[in-house]
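K.L.:
Quick one, structure for this:
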Amino acid sequence: MRYRRQETFRYILPNPRTIPYRLVWEEKELYDGEGLLLNVSSHGLKLRSDYLFPLSDDLQVHFLFDLVPTLQPIELMGHVRHRGQTGSLYDYGIMLDVKADETQQLVTMIKTYARENK
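P.N.:
Got it, this is the predicted structure:
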């Protein structure tokens, strides 16, 4: 089933940026890697990676958002909602599990990043 993220605020990075991620499955670290952040909103993101994530509700994807050097990095966690393939790479739609304060920090980081990278 195709999942569509219906959000009014979504920033598509003109030059996708590499971000670190960590996969945790059944409370065990499964994989550490980096992926390209293609777009991000206050509740989700699209990530491109060469690693094939297992599709499981128990899989957690942990991110460290450090898009703006002057702002404190944000550690967030999410779950894969869909996966697509482009050649040998995989695109993942990830729904973030964020609290209200984390949402505000993330929105501030996205807006600052967008202003600095016009």
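K.L.:
Once you drop chain neighbours, what's closest to residue 84?
P.N.:
Computed as CB to CB, 6 or more residues apart in numbering, the closest residue to residue 84 that is not its neighbour in sequence is residue 91, at 4.5 Å. Placement of C-beta: from N, CA and C, glycine included.
K.L.:
so where do the helices sit in this protein?
P.N.:
Using DSSP state H, the helices found in the chain span residues 100-116.
K.L.:
Contacts only, for the spatially most central residue of it.
P.N.:
Residue closest to the average C-alpha location in the chain (CA atoms, centre = their mean): residue 45, at 4.2 Å. Applying CB atoms under 8 Å, 6 or more residues apart in numbering to residue 45 gives the contacts 37, 38, 39, 63, 78, 93, 94, 96.
K.L.:
Just the ones of the residues you listed in strands?
P.N.:
Applying DSSP state E to the contacts of residue 45, the entries found in strands are 37, 38, 39, 63, 78, 93, 94, 96.
K.L.:
that older thread, now flag whichever of the contacts of residue 45 is closest to residue 86.
P.N.:
The closest of those to residue 86 turns out to be residue 38 (CB to CB; 10.6 Å).
K.L.:
Near the closest one, how many other residues are there?
P.N.:
16 (other CB atoms under 10 Å).
K.L.:
Now it: closest residue in space, sequence neighbours ignored.
P.N.:
Leaving out its chain neighbours, residue 38 is closest to residue 46 (CB to CB, 6+ apart), at 4.3 Å.
K.L.:
Thank you, goodbye.
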